[in-house]
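Participant: What follows is a predicted protein model with its sequence.
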Amino acid sequence: MSSKPEDLLHHLTSLSGPFPIWNMEQLPDQPGELFLDWLRLAIENNVKEPHAMTLSTVDQHGYPDARVLILKNMIQDTFYFASSLDSRKGQQLKDNPRVALTFYWPSLGRQIRIRGIAQDEGDEAGAKDFRKRNPGAQAVAMTERQSQLLDSEEELNGSIEIQKKRLQENPDFAASHWRLYAVHAQEVEFWQGDTDRKHIRVQYKWQEGHWQRNRLWP
């Protein structure tokens, strides 16, 4: 087998199917309803981590940034995730709350793209989400060093152990820098892949106080 990147990539398959049939005659008026339908189908089909999504932000210089994290909740057409205020994404959200969320489930050939405004839900919501995290995740967040340069593994492990002891002494502790964000969707696109590339794309766009639904070209 060739070791050239172009050859390696050329021989990889994509959108091989088979994929589920999407009934276009029963589309809901709100994107949140369709999202839940698709999420349930993903769970039923054992899609790995269907709640994992890519959060895209923009820094103060206009450069895009992206990382994968977990969808925490969804209420109507609002999507929730959590992060530290002091992290790179936390600072980017402070400067520019406009974000994009992307879900991709290869085994179903489905992608969901969401654009909206991220809103910090405040101290109480952040504390509530923090207390739901497992102790290991809490301890790492409590180091308050996310995205900073790491000098050694020993320093990391030592800092985490210190935070674990703090949690043992105070199980109800919540880090003040931890935040829950609500992304109020303004545009949502549902994409169903097709083996012949005749993809189905449906866009919901919030305009003049209601959702407008449109079919897009592949």
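Facilitator: Structure received. Numbering: from 1, shown residues only.

Participant: Nearest spatial neighbour of D59, chain-adjacent residues omitted?
Facilitator: Residue nearest to D59 in three dimensions, not counting chain neighbours: Q92, with 5.3 Å by CB to CB, 6 or more residues apart in numbering. In this view, the C-beta of every residue, glycine as well, is placed from N, C-alpha and C.

Participant: neighbouring contacts of the helix or strand containing T102?
Facilitator: Assigning secondary structure by DSSP states H and E places T102 in strand 98-105. With CB atoms under 8 Å, 6 or more residues apart in numbering as the contact definition, strand 98-105 has outside contacts at 42, 47, 50, 52-58, 71, 79, 81, 93, 110-118, 183.

Participant: Select only the buried ones of the residues you listed in ChimeraX?
Facilitator: Here is the ChimeraX command that selects the buried residues among these (16 or more other CB atoms under 10 Å):
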select :42,47,50,53,55,56,57,58,71,79,81,93,110,111,112,113,114,115,116,118,183
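
Participant: For the protein, which segments count as strands?
Facilitator: Along the chain, the segments classed as strands by DSSP state E run 52-58, 64-70, 73-75, 78-84, 98-105, 110-120, 178-192, 200-207, 210-216.

Participant: Ok, which of the ones you listed comes nearest F130?
Facilitator: Comparing the strands of the chain by their distance to F130 (CB to CB), the top pick is strand 178-192, with 4.3 Å.

Participant: And the closest one, what does it pack against?
Facilitator: On a contact count with 3 or more CB pairs under 8 Å, 6 or more residues apart in numbering; DSSP states H and E, strand 178-192 meets helix 31-44, strand 78-84, strand 110-120, helix 123-132, strand 200-207.

Participant: how about the second one: buried residues?
Facilitator: Right, the one you point to is strand 78-84. Buried residues in strand 78-84, counted by 16+ other CB under 10 Å: F79, Y80, F81, A82, S83, S84.

Participant: And the pLDDT for K89?
Facilitator: Per-residue pLDDT puts K89 at 96.

Participant: What is the burial count for it?
Facilitator: By the measure other CB atoms under 10 Å, the count of residues near K89 is 24.

Participant: from what I can see it touches R67, true?
Facilitator: Yes - using CB atoms under 8 Å, K89 is in contact with R67, at 6.7 Å.

Participant: Give me the common contacts of those two.
Facilitator: Residues within reach of K89 and of R67 at once, by CB under 8 Å, 6+ apart, are L55.

Participant: Can you give me every residue that contacts the most centrally placed residue in the chain?
Facilitator: Central residue of the chain (CA atoms, centre = their mean): M53, 3.0 Å from the mean position. Neighbouring residues of M53 by CB under 8 Å, 6+ apart: V68, L69, I70, L71, F81, L101, T102, F103.

Participant: Dig out what it forms beta bridges with.
Facilitator: With DSSP bridges applied, M53 shows beta-bridge pairing to L69.

Participant: low-confidence ranges in this structure?
Facilitator: The chain contains residues with pLDDT under 70 at 1.

Participant: for it, longest helix please?
Facilitator: helix 153-169 (DSSP state H).
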